[in-house]
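Peer 1: Sequence and predicted model, in that order:
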Amino acid sequence: MNRQNFSGRNSTRGSAAVVALVAITVLVGLCGAMLMIASRSNSEGGVAVNHHQATAVAQAGLNEALLKVAAGQTAEAEVGSEGAPASFGGGTYWVTVDAGDEACTVRAFADVRGEQENLEALLTGGGQDIYDHALFAGNTSGDPLYNLKLGGKNAQADQVTGDVYSGGNVLVTGTASVAGTIRADGTITGASGETGVTQPIPDLMAMDYANTADFKVASLFTTATYKSNALGGKAYQVPEANPAHIFRKNPNDRLSDINATVKNDYFLEDPYEPVHSDSGSTGADACPITISGVGGEPGVNGNQKVYYIDGNLWIHNKNVFSFKIVNDSASGVQVSFVVKGNIYFSDNVFYKNTAEDGVAFIAMKDSVVADSGNIYFGDPVFGTLEQMHAFMYAENNFIDKNLNAAGSAKVAVYGNMTAGNKVDIQRDFGTAHSKLTVNYDGRISNGDLKMPGLPGSGAGDDGAWTFQAMHRIGRP
């Protein structure tokens, strides 16, 4: 019998099976590795996408904040918080702003599906704004011939304590003096200072006072009644509990004044307080004005509020020389009057508490009224204006009405005189000169006085900000 030896063939078949098994194992391993690589690649790609998105969200938040800081809206530049971030671009973010006197740090923190990006921008202060000046004239009209004038001789020489800025030129004549730095975009004649300097002006439009003000005076007068009062004549007035009770509208004993204007005229005077004349113009017997809801007065709290007037505002009374907003609070009174029209100062304004009180007067332009956005000061007929304790800003011009010898021989400002366009001082008549004294009040600039609703300058609350650097940072 012949025997066949299958040992070689069986061995080959076994070896092939082992090779196939090994090959299958290798292929499975390779497939697994490839799947792992593909999965990891997709995962890494997703992480990269998420990180890029987080960077974009952080950059967007940072850019938005920088624009607001540049517009003087430092408080509004902050967004959300770590515990309550804002949503954007498929992720979340929050922004912090740390603004000091000389530097401002803006930080944006973003998160997109677990990927984080944190950016920081550093800005440094450069320049001043209107709250840093005793006299400020932005010259927005671009008049190359504009001169901010200071003059007079000896006892009638103008005296300014504080910095002066002109977007045009500065002309100092006689023995007028400035105890501060004079800056001008144009020339400085008769004194030393810095030329070729530009300064930002406030962005009143961005403030949107018609909607954001605490009290819209014209609306509060819709239920006014026409009454006589010891302050003079008959006028429209509102109840004492109404925060607008501190104004009288269109009094008929001042028809020559109100008939000369286009819009309604509101006079700052309180019909619910006794009339005092203060004939010596010292403030010792000033006619009082009380704010609603404060110190036992009826009505809502009218302190630390913005009063918006669509019309003209007058500080002018035939029976009164001086007015004073009074309050017994240790923290004083701080109110801002924003006027879409003109402001006329013919009588004195005093503080009761010179350390804590503050009153701001802001005149805005009305696009349909050519003569608007101005502050007129002085009474050329009676010469009763001698002292103005206030922070004053005219979007258009600050204009002196002392044009003849019947006008005030001297006017002292305790606060500032600022204008977006011109401080137009024409106080020479014959050989005489009406003296202007400006004593700068730096409480707003140094942070000691918090006034409601003041506009920031066009480039930062503390003056112009200069961008220095941006870099990534860690989480707080």
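Peer 2: Received the coordinates, thanks.
Peer 1: Identify the neighbouring strands of the lengthiest strand in the chain in the sheet and state each direction.
Peer 2: Criterion DSSP state E: the longest strand present in the chain is strand 115-126. Partner strands and pairing direction for strand 115-126 (DSSP bridges) are strand 103-112 (antiparallel), strand 464-472 (antiparallel).
Peer 1: quick one: average pLDDT of it?
Peer 2: Across strand 115-126, the average pLDDT comes to 82.
Peer 1: what's the next secondary structure element after that strand?
Peer 2: strand 135-137 (DSSP states H and E).
Peer 1: which strands and helices sit next to that following strand?
Peer 2: On a contact count with 3 or more C-beta pairs under 8 Å, 6 or more residues apart in numbering; DSSP states H and E, strand 135-137 meets strand 164-166, strand 410-419, strand 422-424. For every residue, glycine as well, the C-beta is placed using N, CA and C.
Peer 1: mind listing what G358 touches?
Peer 2: Residues near G358 by C-beta atoms under 8 Å, 6 or more residues apart in numbering: G332, V333, Q334, V335, Y351, F391, R443, I444, L449, M451.
Peer 1: so who does the third one touch?
Peer 2: The contact partners of Q334, taken as C-beta under 8 Å, 6+ apart, are N303, Q304, E356, D357, G358, V359, L449, K450, M451, P452.
Peer 1: Double-check the first one against V335; I have them as touching.
Peer 2: So the one you mean is N303. Yes. In this structure, N303 is within contact of V335 by C-beta atoms under 8 Å, at 6.8 Å.
Peer 1: Distance from the chain centre to the longest strand of the chain, please.
Peer 2: 23 Å (C-alpha atoms, centre = their mean, to the nearest Å).
Peer 1: Same check on stretch 174-192?
Peer 2: On C-alpha atoms, centre = their mean, the centre of stretch 174-192 falls 27 Å from that of its chain.
Peer 1: Use 4 as the first number for this chain going forward.
Peer 2: In the new count, where the first residue is 4, that last one comes out as stretch 177-195.
Peer 1: ok, residues contacting it?
Peer 2: With contact meaning C-beta under 8 Å, 6+ apart, stretch 177-195 is reached by 131, 137, 142, 147, 149, 151, 153-157, 160-176, 196-202, 436, 443.
Peer 1: so of the contacts of Q337, which ones are in strands?
Peer 2: Secondary structure from DSSP E places G361, V362 of the contacts of Q337 in strands.
Peer 1: ok, back up a step: buried stuff in the longest strand of the chain?
Peer 2: By neighbour count on 16 or more other C-beta atoms under 10 Å, the buried set for strand 118-129 is E118, Q119, E120, N121, L122, E123, A124, L125, L126, G128.
Peer 1: can you put the residues you listed in CSV and add distance to F432?
Peer 2: Listed next are the buried residues of strand 118-129 as CSV, based on distance: C-beta to C-beta, whole Å:
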residue, distance to F432
E118, 73
Q119, 70
E120, 67
N121, 65
L122, 61
E123, 59
A124, 54
L125, 53
L126, 48
G128, 42
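Peer 1: Out of those, the closest to A59 would be?
Peer 2: Nearest to A59 out of those is E120 (C-beta to C-beta; 8.4 Å).
Peer 1: Report the beta-bridge partners for that closest one.
Peer 2: Legend: beta-bridge partners of E120 under DSSP bridges are A113.
Peer 1: Provide a list of residues in contact with it.
Peer 2: E120 neighbours (C-beta under 8 Å, 6+ apart): H54, A57, T58, V60, A61, F112, A113, R475.
Peer 1: So for stretch 327-345, what gets flagged as buried?
Peer 2: Going by neighbour count (16+ other C-beta under 10 Å), the buried part of stretch 327-345 is 327-330, 335-345.
Peer 1: Quick check: mean pLDDT of the helix or strand hosting F340?
Peer 2: Using DSSP H and E, F340 sits within strand 337-343. Averaging pLDDT along strand 337-343 yields 98.
Peer 1: quick one: terminal-to-terminal distance for stretch 422-432?
Peer 2: Chord length of stretch 422-432, first to last residue, is 24 Å (C-alpha to C-alpha, to the nearest Å).
Peer 1: got a list of contacts for it?
Peer 2: 138-144, 146, 149, 151-155, 169, 171, 204-205, 376, 378, 396-403, 405-408, 410, 420, 436-439.
Peer 1: Narrow those residues to just the buried residues.
Peer 2: Here, 16+ other C-beta under 10 Å leaves 138-142, 149, 151-155, 169, 171, 204-205, 376, 378, 396-403, 405, 410, 420, 436-439 buried among the contacts of stretch 422-432.
Peer 1: Show the buried residues in the contacts of E120.
Peer 2: Neighbour counting with 16+ other C-beta under 10 Å marks H54, A57, T58, V60, A61, F112, A113 as buried within the contacts of E120.
Peer 1: mind listing which of those are in strands?
Peer 2: Among the buried ones among the contacts of E120, the members found in strands (DSSP E) are F112, A113.
Peer 1: sorry, back to before: tell me which of the contacts of E120 is nearest to N320?
Peer 2: F112 (56.1 Å).
Peer 1: where's the nearest residue to that closest one once chain neighbours are set aside relative to S90, distance?
Peer 2: Residue nearest to F112 in three dimensions, not counting chain neighbours: N121, with 5.0 Å by C-beta to C-beta, 6 or more residues apart in numbering. Using C-beta to C-beta, to the nearest Å, one gets 17 Å for the distance from N121 to S90.
Peer 1: go on, D132?
Peer 2: Between D132 and S90 the distance, using C-beta to C-beta, works out to 34 Å.
Peer 1: Settle it for me: which of the two has more neighbours?
Peer 2: D132 (26 against 10; other C-beta atoms under 10 Å).
Peer 1: Check what pLDDT the more buried one gets.
Peer 2: Note for D132: predicted pLDDT of 76.
Peer 1: so it makes contact with D206?
Peer 2: No. The criterion here is C-beta under 8 Å, and D132 misses it with D206 at 11.3 Å.
Peer 1: rewinding a little: redo the contacts of G361 as CSV? Include distance to Q240.
Peer 2: Output for the contacts of G361, formatted as CSV (distance: C-beta to C-beta, whole Å):
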residue, distance to Q240
G335, 26
V336, 21
Q337, 24
V338, 19
Y354, 25
F394, 27
R446, 32
I447, 32
L452, 30
M454, 27
